[in-house]
Structure formats: C-alpha cells, structure tokens
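J.: need a structure here:
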Amino acid sequence: QQNGQGTERKIYICDREKSQETMEVVLLILSILCFVAGFAGCILPMLPGPPLSYAGMLLLQWSGYAHLSTTALIVWAIVAVVVCVIDFFLTPWMTRRFGGSNGGSWGAVVGLVVGMFLPWPAGPLLCPFIGALIGELIMGARDLKRATHAAWGSFLSFFAGTGMKLLVCGGMMGAALCSL
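T.: Here you go, the predicted model:
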C-alpha cells in the first residue's frame with residue numbers, strides 16, 4: 001500500500017511482538033494453573049501432583065519469565081517420577097504392614113474428601129482416619145482393635161505420601177519463583 005510520499009508501507013495482520021507477549025502471558029497463566037492443580041493433586045488422588053507442578057515449571061520456563069537450568073529441570077523431572085513411584089507403592093505397603101486392606105486405603109481418601117468440607121483441624125485430620133476405620137470394618141476386619149490398627153496404617157501412609165508430595169511441589173514452586 002502506498003502512503004502519501006510514494007514509499008510502500010507493509011500492513012501486518014498480526015503484530016509479532018504483541019502475539020509473542022500474548023503467548024508469554026498465556027503460558028504464565030497455564031503455569032500458575034498447573035502449580036495450583038499440582039498442590040491439589042498432592043491431596044486428591046485422581047490428580048498427579050508432582051507431575052502437574054513440573055509441567056508448571058516447564059510452562060514457566062517456556063514463557064520466558066523463568067530462567068531454570070537444564071540440569072535443574074532434569075533433576076526435578078527425576079524427583080517428580082521417583083516421588084510418584086514411591087507414593088504409588090507406599091500406601092499399599094504401609095496399609096498391609098499394619099494389617100489393612102484396600103478398603104482402609106480408599107476409606108482414608110473418602111474421609112479426606114469429606115474432611116475438606118469440615119472445620120479445621122477435625123475435618124482434614126480426623127476424617128481420613130475415621131474413613132480408613134470404616135473402610136476396614138466394611139471390608140471385613142474381624143474386630144475393632146484390628147480395624148483401628150489397620151486404619152492407623154492407612155492414615156499414616158496417606159499423610160506420609162501427601163507430605164512427601166507437598167514438599168516436592170513446594171520445592172518446585174520455590175525453584176521456579178527463585179528463577180524469576
């Protein structure tokens with residue numbers, strides 16, 4: 001297109017700088033959502049907490065806001081995988097070690113979900129234990145003493161795994177924030 005002085009002026013349909021800034025903001029928002037979902041996944045069993053937080057780290061790196069080294073990204077990836085594998089085997093192992101069943105493990109999860117809607121500290125702390133106890137009693141524990149012992153194992157394994165995942169997700173978020 002000609003401007004009034006006889007020189008040609010280019011018209012762009014899309015401004016590259018503006019679209020790049022928009023993409024950086026979109027990646028930043030997705031990163032924040034992944035970190036939030038990662039922390040939720042530390043408690044809710046249907047969400048993989050550490051992998052979601054790691055995805056948040058990658059998105060933050062790709063947005064250009066963070067400056068993490070390749071070594072740091074590889075180490076955090078390994079840590080996320082190791083924690084997920086440990087958590088996968090920890091709950092059944094500890095539950096069995098205390099004489100429990102899958103009913104106790106699932107009862108602890110159901111108790112936690114119910115406990116999230118009840119006031120602190122009774123809801124989040126007592127409901128997983130009560131849920132594990134009810135799960136053990138439903139799944140055929142012979143007596144209350146044995147069911148209580150098994151429920152205690154389910155309760156401990158759930159909180160050990162949750163604590164481990166929270167530490168890792170918190171570490172990932174801390175590393176990401178320090179790299180900004």
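J.: By mean pLDDT, point me to the weakest helix or strand of the protein.
T.: Ranking every helix and strand in the chain by mean pLDDT, DSSP states H and E puts helix 102-115 at the bottom, with a mean of 80.
J.: which strands and helices sit next to whatever helix or strand comes next after that one?
T.: Counting by DSSP states H and E, the next helix or strand C-terminal to helix 102-115 is helix 127-138. Other helices and strands packing on helix 127-138, by 3 or more C-beta pairs under 8 Å, 6 or more residues apart in numbering; DSSP states H and E, are helix 102-115, helix 144-178. Backbone N, C-alpha and C define where each C-beta goes, glycine included.
J.: give me every residue that touches the spatially most central residue of the chain.
T.: Most central in the chain under C-alpha atoms, centre = their mean is G49, positioned 1.8 Å from the mean C-alpha point. Each residue near G49 by C-beta atoms under 8 Å, 6 or more residues apart in numbering is listed here: G38, F39, A40, G41, C42, I43, K165, L166, V168, C169.
J.: Please repeat the previous calculation with a cut-off of 7 Å.
T.: By C-beta atoms under 7 Å, 6 or more residues apart in numbering, the contact list for G49 reads G38, F39, G41, C42, K165, C169.
J.: Mind putting the helices and strands packed on helix 127-138 into TSV with mean neighbour count?
T.: Compiled in TSV, those are given as follows (neighbours: other C-beta atoms under 10 Å):
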stretch	mean neighbour count
helix 102-115	23
helix 144-178	19
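J.: Show me the shaky parts of this structure.
T.: 1-16, 120-121, 141 (pLDDT under 70).
J.: what number of residues lie near the closest residue to L33 other than its chain neighbours?
T.: Once flanking residues are discounted, L33 sits nearest to G56: 7.7 Å by C-beta to C-beta, 6 or more residues apart in numbering. G56 has 25 neighbouring residues, counting by other C-beta atoms under 10 Å.
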